[in-house]
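In: what follows is a protein structure lacking sequence information:
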């Protein structure tokens, strides 16, 4: 860490004396994401998705639903519809173990390590591209990249256009989105703005919601300096559906919501980031970023939903999250180097009170978490072979202030990674890598599922060593990515299959566990009109604890996505298939979410003035579940919607 800090200090002080030899404007987005993104010569399993691909199917659904079409990703919706509270898993591992960034700036809340995109609806409209790294991937900023990482690149406004999207569909869903890009002015300025809003009744009874967001990204794009200011604010009001429903009740009425009509929430989240990139010379650049993230929210828990009385508890929280990031990039001949350092501070206040008498305060506490981290990445080409090394150090501490005390927690992690890529040709390469990552427990883990500390639970940090072996082929009509992985865990913090007192999942350490599998992502163009897209994950996973061997929860052995696409002139049509095998929802491996196969379709028409998109989901109205939990020997599930239809009309000005 000391060497990395010293290197950046030297780089920063040298910018005044090194010649600034550059003759053209560069994109800040390309520079900012260089430090956290992988390229074709990085030996990891990855997928990059661009806006044109996202727009071809996007109907205002939350990001987890959008990503559900990519390799090894499964998603879950509390209310059964694609808006509001949705979550996802990568290789069966939940999203609190997945590092997420916007232009290199961390999005995960440090305390619980989660990201809730429902707090800023329409976020997908603002994305120019996103890269999903599976496995420990490359070092990033923010929380641990443990199961993978997802980094988003925002739109920059340099391409002039204005669009109005009007959408609607099943469950009385309505949405509007207005975006504008000014284009790059003669003086080098550009601005992108986006306003998004939606409302829905929801599939389950009293599970609807509404929300809005405003996003802006503007900057000066010069030949030597680029300054970019990006920010958003979002608000979401949801009726809650986070309690699962027994299988027998779902069979009687699959729209049943176990939460009462009075269980609501209201969250507002905002983020602002200021970034400056300086071209030192034709080989090197340095980018400095400062950011601030604010979250305020309140949500109700009706004790009636839990069969524990008629009172309600109102939970309230507010957090401040700020920090700074510095990234240096050097490229010359066969050598590529990325050095990054970051530091952030986070504080969140929690309180609970009896509702409607909010003056009767049950508790109030504050958790504070600080982090400093640094990484060094190097790629070096030797003929057709590329050697890659990546070393990261993270230091985190957590302190708690409330009506009881707990020891201050300090974690220091060193995360090394190394690998190689053999480029047989410009269209075929093979790679192998091994990487280690560590992750500290969340506040909820240490509090035993409680929002206020009752008794401190000593949870060990978890670690994983990830092995990746794969290939990338792009030849003629075929694009094929395939890889084998083996993730060996120590002290994995895994789900118990039950909920704590505030509805959050309970978790514990297990002694040994591993996840392994095969991933394939293929695109084959049969003719100029017809193409087939397939991706799948076939996995073998085990947990060994107290002499017992069992399979991890919420991890289907087989996940498959298929799309047959027809494209001609301005028209497009696709038929989609998704297959998940069963997955377990309790440690005993006696209760499962049954296997399912669902089908969908997309129809689109687009010209220079407007576009139309129609989407049908679950065309055969299969009653399927992607998540649930067990209470005793009874299975409780989150039911998904039967056949639903959505349409979007886009006006281009």
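Out: Arrived safely. Since the model is a prediction, treat every value here as computed from it, not as a measurement.
In: just for the stretch 451-600 of the chain, where's the confidence low?
Out: Applying pLDDT under 70 to the stretch 451-600 of the chain flags the ranges 495-507.
In: what do you get if the cut-off is 90, keeping everything else the same?
Out: Low-confidence regions of the stretch 451-600 of the chain, defined by pLDDT under 90, span residues 454-455, 457-458, 493-511, 544-548, 586-588.
In: where along the stretch 1-150 of the chain do the helices fall?
Out: Secondary structure of the stretch 1-150 of the chain (DSSP state H, counting those that start in this stretch): helices at 2-14, 28-34, 51-55, 63-67.
In: mean confidence score for the longest one?
Out: Read it as helix 2-14. Averaging pLDDT along helix 2-14 yields 38.
In: can you check stretch 224-237 too?
Out: On average, stretch 224-237 scores 95.
In: and that stretch, what's buried?
Out: Judged by neighbour count (16 or more other Cβ atoms under 10 Å), stretch 224-237 contains these buried residues: 226, 227, 228, 230, 231, 232, 233, 234, 235, 236, 237. Backbone N, C-alpha and C define where each C-beta goes, glycine included.
In: for stretch 379-387, same thing?
Out: By neighbour count on 16+ other Cβ under 10 Å, the buried set for stretch 379-387 is 379, 386, 387.
In: just put those in a markdown table and tack on distance to residue 277, pLDDT and secondary structure.
Out: Formatted as a markdown table, these follow (distance: Cβ to Cβ, whole Å; pLDDT from 0 to 100; DSSP: H, G, I helix; E, B strand; the rest coil):
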| residue | distance to residue 277 | pLDDT | secondary structure |
| --- | --- | --- | --- |
| 379 | 21 | 97 | strand |
| 386 | 25 | 98 | strand |
| 387 | 27 | 98 | strand |
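In: and which of these is nearest to residue 409?
Out: Nearest to residue 409, judged by Cβ to Cβ, of the buried residues of stretch 379-387 is residue 379 at 35.2 Å.
In: setting aside sequence neighbours, what's the nearest residue to that closest one?
Out: The shortest distance from residue 379 to any non-neighbouring residue, by Cβ to Cβ, 6 or more residues apart in numbering, is to residue 336 (4.3 Å).
In: three-state assignment of residue 241?
Out: coil (DSSP: H, G, I helix; E, B strand; the rest coil).
In: so what's residue 191 up against?
Out: When contacts are counted by Cβ atoms under 8 Å, 6 or more residues apart in numbering, residue 191 is found next to 157, 180, 181, 182, 216, 217, 218, 219.
In: right, and the second one touches residue 215 too?
Out: It refers to residue 180. No: in terms of Cβ atoms under 8 Å, residue 180 does not count as a neighbour of residue 215; the distance is 11.1 Å.
In: the two: which has the busier surroundings?
Out: residue 215 (24 against 18; other Cβ atoms under 10 Å).
In: the host helix or strand of the more buried one pairs with which strands?
Out: Secondary-structure element containing residue 215, defined by DSSP states H and E: strand 209-221. Each strand that strand 209-221 pairs with, and the sense of that pairing, follows from DSSP bridges: strand 189-200 (antiparallel), strand 225-239 (antiparallel).
In: in TSV, list those along with distance to residue 442.
Out: Compiled in TSV, the strands paired with strand 209-221 are given as follows (distance: least, Cβ to Cβ, whole Å):
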stretch	distance to residue 442
strand 189-200	30
strand 225-239	22
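In: and of those strands, who's closest to residue 117?
Out: Ranked by Cβ to Cβ, the member of these that lies closest to residue 117 is strand 225-239, at 8.9 Å.
In: among the strands paired with strand 209-221, which is nearest residue 628?
Out: Taking Cβ to Cβ as the criterion, residue 628 comes closest to strand 225-239 out of those, the separation being 19.9 Å.
In: next, report how far the closest one is displaced from the centre of its chain.
Out: If you compare the mean C-alpha spot of strand 225-239 with that of the full chain, they lie 16 Å apart, counting by Cα atoms, centre = their mean, to the nearest Å.
In: after it, next one along is what?
Out: Beyond strand 225-239 on the C-terminal side, the first helix or strand identified by DSSP H and E is strand 245-246.
In: same for that following strand, what does it pack against?
Out: strand 634-639 (3 or more Cβ pairs under 8 Å, 6 or more residues apart in numbering; DSSP states H and E).
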